[in-house]
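# With the sequence up front, the predicted model follows.
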Amino acid sequence: MDPVTPRYLTVALYQFVDLPDCAALRAPLQALCDEHGVRGMLLLAPEGINGTIAGAPVAVHAVLAWLRSDPRFAALQHKQAPTERQPFYRMRVRLKREIVTLGVPDLNPARNAGTYVKPEDWNALIDDPGVVVVDTRNDYEVGIGTFERAINPHTRSFAEFPAWVAQQSQPGGVLAGKPRVAMFCTGGIRCEKSTAFLKSQGFDEVFHLEGGILKYLETVPENNSRWHGDCFVFDERVSVGHGLAPGHHQLCRSCRMPLGEAELASPHYVRGVSCPYCHGTRTPEQERALAERQSQMDLADQRGQVHLGARQPGNPARAITRDEVGREDDSA
């Protein structure tokens, strides 16, 4: 293998654009990704496209070229990072009502988003004490890293954000009086909607980090950074740091929470079965099934094979939680 060419390329992309025929795009896009061995998740909705894919660099670029051959995606931007392992088990192209779910009708981020701030200008903005800095990500994401002075709304999914804004806009709240607001998220897509939402609520000066945290970590040197910790990402890398280098977290295979050094040292952590966040929430049958699943994954890894992670017969028929639904919707 060429030493300068990564084995895999992970690409995050999104674009708000009118796609009234999004349903017709699903099958050919899925077939194209399958043909090139590209895996990941792409969401299509009448408001655009969102997702992350990974594969051999030439294969990923073939998918990007196919998308950009559609004039509506000609301006599609993406962020990429090299990896040595495929970070996804399968490829899914799904149809959704929104490419990132806020649940507020009639927002148009393509025309009404807030003011973009480039990563190299971000520090000056959030250093201003007159600016309220809001992390629009979910609580479990904020828990492993965020910017200095950032307020954590403690939401479990992005759809809870409007209620937090309404609460904090009351007298005594951090948004009372409609101050200047700076927002950020992982890749920028949630802020396109959150800033459009704040503008619809009468906020005049609303800013967001262009390209999100990932672009900031890629652009701003660590010795000049206002970022602390890791940035959660929605694939098997789990988290990344400055320069988009692999972070310091693993994923609990039971509850999907990111685990740092302290959680991994907990007596409640059993690899593939439980962690401090989900200990005691599974039945004995479910824990046995999770242990068997982890054993199968370890065996496949030893054989140099890929375990698809599919739920096996007899494994726990666990309902998808609200948090997990939110993660799919918020995956950018």
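Sure thing, it's come through. Residues are numbered from 1 along each chain as shown.

# For the rest of this, base every contact and every neighbour count on C-alpha atoms.
Will do.

# got the contact list for Gln176?
For residue 176 the amino acid is Ala, not Gln. Listed by Cα atoms under 8 Å, 6 or more residues apart in numbering, the contact set of Ala176 reads 168-170.

# Per-residue pLDDT of Glu263, please?
Glu263 is assigned 94 on the pLDDT scale.

# ok, now how distant is it from Val60?
Remark: distance between Glu263 and Val60 (Cα to Cα, to the nearest Å) = 35 Å.

# got it, and Leu290?
As judged by Cα to Cα, Leu290 and Val60 stand 32 Å apart.

# Below-threshold pLDDT in the stretch 101-250 of the chain: ranges please.
For the stretch 101-250 of the chain, not a single residue meets the criterion pLDDT under 70.

# ok, which stretches of it are strands?
115-117, 131-135, 145-147, 180-184, 206-209, 227-229, 231-232, 239-240, 250-251 (DSSP state E, counting those that start in this stretch).

# burial count for the spatially closest residue to Pro57 that is not a sequence neighbour?
Leaving out its chain neighbours, the residue that sits closest to Pro57 by Cα to Cα, 6 or more residues apart in numbering is Leu9, at 5.2 Å. Applying other Cα atoms under 10 Å, we find 24 residues neighbouring Leu9.

# same deal with Glu84?
9.

# Please verify my assumption that it contacts Thr5.
No: applying Cα atoms under 8 Å, one finds Glu84 not in contact with Thr5, separated by 10.3 Å.

# from the contacts of Ala176, which would you call buried?
Ser169 (16 or more other Cα atoms under 10 Å).

# closest to Ser254 among the contacts of Ala176?
Proximity of those to Ser254 (Cα to Cα) peaks at Gln168, which lies at 33.8 Å.

# shouldn't the closest one be in contact with Gly177?
No: if you go by Cα under 8 Å, Gln168 and Gly177 don't touch, sitting 10.0 Å apart.

# the longest helix in this structure is where?
helix 284-302 (DSSP state H).

# starting at the chain centroid, how far to that one?
Distance of helix 284-302 from the chain centroid (Cα atoms, centre = their mean, to the nearest Å) equals 26 Å.

# now swap in stretch 143-162 and tell me
13 Å.

# now do the same end-to-end measure for it.
From its first residue to its last, stretch 143-162 covers 21 Å (Cα to Cα).

# got the buried residues for it?
143-147, 150-162.

# Also stretch 204-222?
205-220.

# now stretch 251-261
Buried residues in stretch 251-261 (16+ other Cα under 10 Å): 251-259.

# Which one's more surrounded, Glu263 and Val60?
Of the pair Glu263 and Val60, Val60 is the one with more neighbours under other Cα under 10 Å, namely 22 against 17.

# which residues touch the host helix or strand of that one?
Following DSSP states H and E, one finds Val60 within helix 57-68. Residues from elsewhere that reach helix 57-68 (Cα under 8 Å, 6+ apart): 6-9, 11, 32-33, 36-38, 53-54, 73-76.

# Lowest-confidence one in the residues you listed?
Pro6 (76).

# How many residues are close by it?
15.

# repeat for Pro57
For Pro57, the neighbour count with other Cα under 10 Å is 18.

# check contacts around Glu205.
114-115, 179-181 are the contacts of Glu205 under Cα under 8 Å, 6+ apart.

# Make TSV out of the residues you listed and add distance to Asn123.
TSV is the format used below for the contacts of Glu205 (distance: Cα to Cα, whole Å):
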residue	distance to Asn123
Gly114	17
Thr115	15
Pro179	18
Arg180	15
Val181	14
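
# Could you check how far Glu197 is from Gly48?
Wrong residue type there; residue 197 is Phe, not Glu. 17 Å.

# Let me fix that, I meant to ask about Gly143.
Where Gly48 is concerned, Gly143 sits at a distance of 29 Å (Cα to Cα).

# same thing with Ala23?
Ala23 is 11 Å from Gly48, by Cα to Cα.

# swap in Thr281?
Taking Cα to Cα, one finds Thr281 at 37 Å from Gly48.

# Among these two, which residue is more densely surrounded?
The neighbour comparison of Thr281 against Gly48 (other Cα under 10 Å) goes to Gly48, with 23 against 12.

# Can you report phi and psi for the more buried one?
phi 150, psi -150 (degrees, to the nearest 10).

# wait, what's in contact with it?
14-19, 22, 98-99.

# again, only this time at 6 Å
15-17, 19 (Cα atoms under 6 Å, 6 or more residues apart in numbering).

# quick check: domain ranges of this structure?
8-95, 109-229, 253-312 (the TED database).

# So for Val238, which of these sits nearest?
Here domain 253-312 is closest among the domains of the chain (Cα to Cα), at 6.8 Å.

# looking at the domains of the chain, which is closest to Asp235?
The nearest among those, by Cα to Cα, is domain 8-95 at 5.7 Å.

# Just the endpoints, please. Distance across the closest one?
26 Å.

# Quick one: the helices in the stretch 201-332 of the chain, in order.
Secondary structure of the stretch 201-332 of the chain by DSSP state H, counting those that start in this stretch: the helices cover 212-219, 261-264, 284-302, 322-329.
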